[in-house]
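Novice: Give the three-dimensional model of this entry:
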Amino acid sequence: MHDDPALTVGRVTRVLGERIRPAIHSLTVPLEVARHELPGEPIPPADGLALDFTADTAGTPWGPAWSTTWFRVRGRVPEEWRGRRVEVVVDLGFDINMPGFQCEALVYRPDGTPVKSLNPRNQWIPVTAEAAGGEQLELFLEAAANPVLLDYHPFLPTRQGDILTSSPDPLYRSRRFDLAVFEEEVFELSLDLEVLLELQAELPATGPRRLRILQALDDALDVLDLQRIAETAPDARARLADVLASPAEASAHRIAAIGHAHIDSAWLWPVRETIRKVARTASSMTELLDADPDFRYGMSSAQQYEWLKLHRPEVYARVKAAVAEGRFLPLGGMWVESDTVMPTGESIVRQFAYGQRFFQEEFGIRSRGVWLPDSFGYSPALPQLMRRAGFEWFFTQKISWNQANVFPHHTFLWEGIDGSRMFTHFPPMDTYNSRLSGEEVAKATRQFKENRVATRSIAPVGWGDGGGGTTREMAAKARRLADLEGSARVAWTHPDDFFREAAAELPHPAVWVGELYLELHRGTLTSQHATKAGNRRAEHALVEAELWSATAAVRLGRAYPDHELDALWKSLLLHQFHDILPGTSIAWVHREAAAELARVAAAAQRLAQEARAALAGSGTRELEFDPATGAALVVDAAPPIAAGTVTAVDGGWELANDAVVIRLSAEGLVVSAVDRATGRDAVPAGRPAALLQLHQDFPNMWDAWDIDRFYRNIVSDVREVVAIDATVVDGIPTVTVDRAFSHSTVRQTFRLVDRALHLELDVDWHETEKLLKLAFPLDIAATHTEAETQFGYQARVTHVNTSWEAAKFETSMHRFVLVREPGFGVALLNDSLYGYDTTRDSTPEEGVTTTVRLSLLRAPRFPDPETDQGRHRIAVALLVGADPVSATAAGAELNAPRTRTAGAAPVEPLVRVEGEGLRLSSVKLAADGSGDVIVRLYEAAGRRAAGTLHVDFPHTSVDPVTLLEEPLGEAPALPAPVSLSLTPFEVRTYRIRR
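Specialist: Residues are numbered from 1 along each chain as shown. Got it, this is the predicted structure:
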C-alpha cells in the first residue's frame, strides 16, 4: 500500500492543536470581575479577601513589575449545565512557554480556603464535578505580576530585576475570566492523541508498531466530527483503544516518576516571591493528589515547608495531611538545595541537621537521600558527609549539562576524598522538569548507561525553577505510559523505593572517584563578591559564636543562645541556596543577601564578644582569644610575631624578617620570595607575582554563570603605579601601591607577617563584562594543586592530557590552594574567594613552573546589570614554605583571626586536640538542649593520623555520634582522654555528656 506518515502526523497535529484542545472547555459564560491593585508589598490572604474591589473586565492592563493585584470573580452556573462538570478558566495574559517565569496567581474561596494556583500551563479552577444548576460562585485570585526576565532573547540586561529600578507600567493584559463546561472525553482524547503522536515519532520509521499507531490515528480522526467534537470524541477514543492497550515489552525500561517542581528559593524573583510560589505550587499539588489516587509529589527544602507554616498556614495544613498519607513527600533532608562547592563543611552539616530536624519534628520522618538536581557541581567531601548524616542515596542531574564530556554512568557509587561511597543516580532523561513527553521517555531508555545490567531510572515530572509542578495532563500521560508497547513503563514511585530497587538489581555498580565537576557555570565561583564575602564571614562568625558561647555555658553556667543561633544559621543556610551564593540571581536578591549576611555576621560576632567578655571577667590584663584552639592567653604569653624590616633596593623594596625575604619591583610586583630555611625562591626569574590581570569576559550565554575558555585570549596586565609607599607598622614591614586601570582603581597593601606575605586589595570596581585575576607564577614543579574543600582538600592535576582535565580551566577552593613539590610548597590564602585557574609551563632555562591565578571580580550584566559594581575589600596571602597542615592553619587564621579583650585571667579550652593534621571544626552545645558538648574534628593533611582528644570539664562519657548528633550504631562510650586514630580526611563527631 502507498503510505505517507507525514500526512497523518500533520493531520493529527493540526486537529489536536486547533480543534480538540480548544474544545476541552465547550460552553462558556463570562464571569463578573473586580480587582484591587496593592500599592506596595503583598498582604496576608485574610486582608486580601477583605479589600474593596473595583469593577473590571477582561482585556484590561494590570500589574506593574513585582506588584500584586487581587481579583474577585463572581458568577452563576447556568441551569442548563445541570449534571455537567464545571470549571473556571482564567487567562491573566499568560504565555504558555513561560510557566514559573511570568504572572501567576493563587485562588482562594471566600472563607480563605486555598483552591489551587493559576499559571500559563494551569489555567483552570475546579467548581463542581456535577452541577446542580444555579450555583452561585465567588473566588478571589491573588495575582503576582512577576516580570519575564529570561525571555525569548535571553540574557539581555534589564532593570526589571529589582523593585527599586523596575518599570511602573503594567506588564500584562488579562484575556478571559470564564465559567466553562469541562468535556472530560475531549480532554482524554487529547491525551490519547498526544501520547501516541509523540510515541510514534520515537519508533523505527517502518516498524509495524509505528505504522499501526499511525493507522489508528487516522481511523480516530475519520470518525471525529470537527463541528461536534464533544459528541464524537468517544467514538474516536474507541478507535485508539487497541493501540493504547497493547502492553510494553518485557524488557522495557522502567521509569520511576515523581511529581516535582524544583522551586528555586530565589533566582529571577526575590525570596518574598518564592514564599508565594511555594504556596501556589503546593496548593495545586495537593489538589492533584486529591484528584489522582496514583499520583505522588516530592518537594525538597525544609525552608520551603517552614515558609508555608509561617506565612500560608492554610496551605500548610493541606500539605501536612498529604505528607501523613505518604503522598506528599519531603525530599532531600536539607534546609535548602544549597550550593555544595563553596559552603564550609560545618555549613553542609547544618544544612543536613536543620533540614532533617524540621522533617522529624513536623512530620515524624527522615529523608533517606540527598536530592540536589540543580546545584553547580558537587564537592568530593559530600559522600562522607552524607554517610555520616545517615543518608543512603544521592540524586542529581546537573552533570548532564557538561560542555565537553559525557558522564559515563547514570547509576553508580560516588567515592569522596576520604574513601566513603554513596549510591548515586543521574536520570538519563537529563532533566528535572520532565513533561513525560515521548522524546523524554525514549531518551531515558536510549541513554541509560547501565542498560546491560539494570532496568530503571528516575523522572522528576513537572514545571520547575519558578514552580508550577505537575499538571493533570502529565498525570494523564503517566496513566497511559504505565504499560504501553514501544515505551518505557512509567509509574509514580517514592524515590526511596526506586533507590532500594536499583541497588538490588545493581549489586556491583561502577565507581566514580572525586568531585562531580560541572563543565559549565564556572563563573559562579566569582560573581557577586559581596554575597560570597558575606557568606564567608557569617560562616566563621557563627562557628566562633558557638565556641565561646559553649565555653561560657560550661565554665560559667551562662545561658547558651541556642534560639538566636538557630535563627542565624537558618538565614545563612538559606543564602547558600544554589542561585544566591553562586551569584546568579537578580539585583534584588543580592542586595538583600549582602545586607542579611552582614547582619548575620554582626549578630554572631556580638554573641561571641559577649561570651568572651563574660569569660574574661573584670580585669586589666590583655587576653588573646584564639578560635582555633578555644583558649584565651595573656598577650605576654602569646606567640610573638617576628619583627621585620623594609628597605629600598634596586628601585623597589625588600620586606624581610627571620623567615622570609620578599622583593617588590618599582611597579609594586613581587619579583622574589625567598624562604630563609631552604634558600628557595618561590617566584621564577622574570615572571613577577601578585600581578593583576584584566580579561574581556563575555560568555556565549548564561552571563553571571559562565566563564568561557576564550576569555584567556584577551588580557591586559595592570602594572601602572599611581603611588607607592613603604613603612614599618608595629614591627610589620608594609608597602602600599595605588593603581588605576580601565574605569577602576585599586590599593594594594603588602604586609609581611611571619612566613606569609599578606596582600589586602581595596578595589573600586566599575567595569563591564570584565574578569579580574591575580596571578602568582611559582617556581615549583607541581604535578597537582591541592585546594581546600570541606574537611580537607582535593588534588587536581596541573596537566591537560585529556578533555576531562582541559575542561577544568576554572576550579574551586575554600581558604587556600597549595602548590608543592617534594620538600617545598607555597600556599595562596584568601578571605572571600572561591575560583582559581592553574597553568603548567616548562622551559629549558627554568624547568617546570606553575602559575596559579585567583579570580577576584567579574562584571556580567545578566541577571544583575550592576554585578559587583563598587567597593570591595579582599585579603589574600602568599605563604612560603607551606604544606597542608600549615596552609590549613594559616587559612583558618586569616578568616577567623584572634581577638583581644581586657580581662582577669586566661581561659582554658573545653577540649584540646593533639596530633599532627588533626583540627577542631566545631565546639558547641547539643541541639537537643541537653547541655552536652558536641565536638567535631577532622584529619586535614590527607594522611592517617593518631592523636588525643582531651576534655577539661566534668563529664560522664564521650560518645561517638553522627553529624546529626545521634548515637553512632553500637559505638561504645569512650573514656577521656580519647585516643584518636583517623584515616585521611576522616570527620569525627563526639557528644561529651555533662
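
Novice: So for the chain, which residue is the most central one in space?
Specialist: What sits nearest the mean C-alpha location of the chain, by Cα atoms, centre = their mean, is H578, with 2.0 Å.

Novice: Could I get the full set of strands for the stretch 551-700 of the chain?
Specialist: Secondary structure of the stretch 551-700 of the chain by DSSP state E, counting those that start in this stretch: the strands cover 621-626, 631-634, 645-649, 652-656, 660-664, 670-675, 691-696.

Novice: Show the pLDDT at E970.
Specialist: E970 carries a pLDDT value of 77.

Novice: quick one: it is in a helix?
Specialist: No. Using DSSP: H, G, I helix; E, B strand; the rest coil, the assignment for E970 is coil, not a helix.

Novice: start the count at 396, not 1, going forward
Specialist: Okay, residue one is now 396; in that scheme the one you just asked about reads as E1365.

Novice: So which of the strands of the stretch 946-1095 of the chain is the most surrounded?
Specialist: Of those, the one with the most neighbours on average (mean count of other Cβ atoms under 10 Å) is strand 1055-1059, at a mean of 24. C-betas here are computed from N, CA, C, even on glycine.

Novice: Report how many residues lie close to the spatially closest residue to V1328 that is not a sequence neighbour.
Specialist: Excluding the flanking residues, the one nearest V1328 by Cβ to Cβ, 6 or more residues apart in numbering is I1387, at 4.3 Å. By the criterion of other Cβ atoms under 10 Å, I1387 has 24 neighbours.

Novice: beta partners of I1387?
Specialist: V1328, V1353 (DSSP bridges).

Novice: which residues does it contact?
Specialist: Neighbour list for I1387: 1306, 1327-1330, 1346, 1348, 1350, 1352-1354, 1371 [criterion: Cβ atoms under 8 Å, 6 or more residues apart in numbering].

Novice: Can I get the buried part of the residues you listed as one PyMOL selection?
Specialist: The following PyMOL line selects those of the contacts of I1387 that are buried, judged by 16 or more other Cβ atoms under 10 Å:
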select buried, resi 1306+1327+1328+1329+1330+1346+1350+1353+1354+1371
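
Novice: Which residue in the contacts of I1387 has the weakest pLDDT?
Specialist: On pLDDT alone, A1371 ranks lowest of the contacts of I1387, at 82.

Novice: Can you name the residues that contact that residue?
Specialist: A1371 neighbours (Cβ under 8 Å, 6+ apart): 1344-1346, 1350, 1353, 1387.

Novice: any chance of those residues in TSV, with distance to P400 too?
Specialist: Listed next are these as TSV, based on distance: Cβ to Cβ, whole Å:
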residue	distance to P400
L1344	73
H1345	79
V1346	77
H1350	78
V1353	73
I1387	73
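
Novice: Closest to P542 out of these?
Specialist: I1387 (53.2 Å; Cβ to Cβ).

Novice: I'd like the distance between W476 and S421.
Specialist: 10 Å (Cβ to Cβ, to the nearest Å).

Novice: can you give me the helices for the stretch 596-745 of the chain?
Specialist: Assigned by DSSP state H, counting those that start in this stretch, the stretch 596-745 of the chain shows helices spanning 603-617, 624-640, 666-686, 697-706, 708-719, 740-758.

Novice: ok, and what's touching the least confident helix or strand in the chain by mean pLDDT?
Specialist: Least confident element among the helices and strands of the chain, by mean pLDDT, DSSP states H and E: strand 1026-1029 (a mean of 92). Contact with strand 1026-1029 is made by 1007, 1010-1011, 1016-1021, 1296, 1298, 1301-1304, as judged by Cβ under 8 Å, 6+ apart.

Novice: at 6 Å what do you get?
Specialist: 1016, 1018-1020, 1301-1302, 1304 (Cβ atoms under 6 Å, 6 or more residues apart in numbering).
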